[in-house]
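# sequence plus predicted model, see below.
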Amino acid sequence: MNYTLHQLKVFLTIDEHKSITQAAEALHLSQPAVSIQLRNFQDQFDIPLTEVVGRQLYITDFGKEVVESSQNILNEVELLNQKLTTFNGQIAGKLKLSVVSTAKYIMPYFLTDFLKDNPAVELKMDVTNKSTVVRSLEKNEVDFSLVSIPPERLALNHITLMQNKLFLVGNAQSELSVLKPHSPKILEEIDLIFREQGSGTRQTVERHINKANLSVKRKLELTSNEAVKQAVVAGLGYSIMPLIGIKNELEMNDLKIIPVKGFPIQSTWQLVWMKEKKLSPGAKAFLTYVEEKKESIIQNKFGWTSGY
């Protein structure tokens, strides 16, 4: 056999996406280039690795065995590269993160200097909703996740970072008074815009609404904080949003906080990882960095939140 590491990576990506087109996009290659690599890899085996049923690509049972072996080979190669880099006095390896969408306003500040100091560390970060983040933890696809509501069913280690404050917000033309706190019943009188099912923000908001025994009007359901912000700015309704994600809109007077008794709703941002997780040198170094630098980062970058 004369396969290459590149062919192994291509085949694993095809297995992940079950599509040559999507694999090509993920690898930033053309579709013909991926097809050629798959064909050259297949030529080294007498048993088919893939099959097409209808228009869907499937990995054969033998192909699944090759997938497992290929992953093991690439893992060993990565480990060897890490050892070589470490031997040369540098921290190396992949750092794999999954963060809920609101956490994209936080995590970059914990990465910038770390990655500058450790250029041999390769970062992969997935920004998604809480359900997908939890799934990536369960499947051992990531080193760490940043969430505001850790899943109770998983055995996790954690580092507490900062408070997550949620406020009722409207656009600049809102007629609701900002001079004194409204009764929580105000939430029953306005059109509310929600995040999608599976969102940590939605889970926090719904817990509060249910605890207060309120019956609210769900005007819209959107799949990102950015979409919710734009809908509120456009006057489509109000929303209960994390403060951390609306700093610029508040400063530009595109949004304003509507005071409500019992607000802000609060949860806590936590960096979490599975207790049995074996961390790479790069992941261990990042953990140490966060523990040592979190207070100064929070004060310097997020001290403004204490004014709300």
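Received the coordinates, thanks. Everything numeric in this text was worked out from a predicted model, so none of it was measured.
# which other helices and strands contact the helix ranked longest in the chain?
If you go by DSSP state H, the chain has its longest helix at helix 61-87. Here helix 61-87 touches helix 5-17, strand 93-100, helix 281-302, going by 3 or more CB pairs under 8 Å, 6 or more residues apart in numbering; DSSP states H and E. For every residue, glycine as well, the C-beta is placed using N, CA and C.
# and the ones you listed, which is most packed in?
strand 93-100 (a mean of 23; mean count of other CB atoms under 10 Å).
# what angle separates the helix or strand following that strand from helix 281-302?
Later in the chain than strand 93-100, the nearest helix or strand by DSSP states H and E is helix 107-117. Relative orientation of helix 107-117 and helix 281-302, computed by axes from the mean of the first three to the mean of the last three CA atoms, to 10 degrees: 130 degrees.
# contact partners of helix 107-117?
The set of residues external to helix 107-117 that reach it, using CB atoms under 8 Å, 6 or more residues apart in numbering, is 97, 99, 121, 123, 125, 146, 285-286, 289-290, 293-294, 297, 301-302.
# and for stretch 264-276?
Residues from elsewhere that reach stretch 264-276 (CB under 8 Å, 6+ apart): 103, 106, 137, 140, 143-150, 154-167, 200, 204-205, 208, 240, 243, 279, 287, 290, 308.
# again, only this time at 7 Å
Here stretch 264-276 makes contact (CB atoms under 7 Å, 6 or more residues apart in numbering) with 106, 137, 140, 143-150, 154-167, 204-205, 208, 240, 243, 290.
# nearest to residue 178 among the contacts of helix 107-117?
residue 302 (23.1 Å; CB to CB).
# gap between the closest one and residue 165?
As judged by CB to CB, to the nearest Å, residue 302 and residue 165 stand 11 Å apart.
# same question, residue 128
Distance, residue 128 to residue 165, by CB to CB: 22 Å.
# same thing with residue 81?
According to CB to CB, residue 81 and residue 165 sit 42 Å apart.
# ok, now residue 189?
23 Å.
# these two: which has the busier surroundings?
Set side by side, residue 189 and residue 165 show more neighbours around residue 165, with 17 against 11, by other CB atoms under 10 Å.
# what does the more buried one show for phi and psi?
Torsion angles at residue 165 (phi, psi; degrees, to the nearest 10) stand at phi -100, psi 130.
# do the same with residue 124
phi -130, psi 120.
# now swap in residue 147 and tell me
phi -140, psi 160.
# mind listing what the spatially closest residue to residue 123 that is not a sequence neighbour touches?
Computed as CB to CB, 6 or more residues apart in numbering, the closest residue to residue 123 that is not its neighbour in sequence is residue 95, at 5.1 Å. By CB under 7 Å, 6+ apart, the residues touching residue 95 are 121, 122, 123, 143, 282, 283, 286.
# if we use 6 Å, what do you get?
Taking CB atoms under 6 Å, 6 or more residues apart in numbering, we find residue 95 in contact with 121, 123, 282, 283, 286.
# please tell me I have it right and the third one contacts residue 93.
Yes - with contact defined as CB atoms under 6 Å, residue 282 and residue 93 form a contacting pair (3.5 Å).
# what's the angle between the lowest-mean-pLDDT helix or strand in the chain and strand 93-100?
Lowest by mean pLDDT, DSSP states H and E among the helices and strands of the chain is helix 61-87, with a mean of 83. If you take the same axes, to 10 degrees, helix 61-87 sits at 110 degrees to strand 93-100.
# run the chain-centre distance for helix 61-87.
25 Å (CA atoms, centre = their mean, to the nearest Å).
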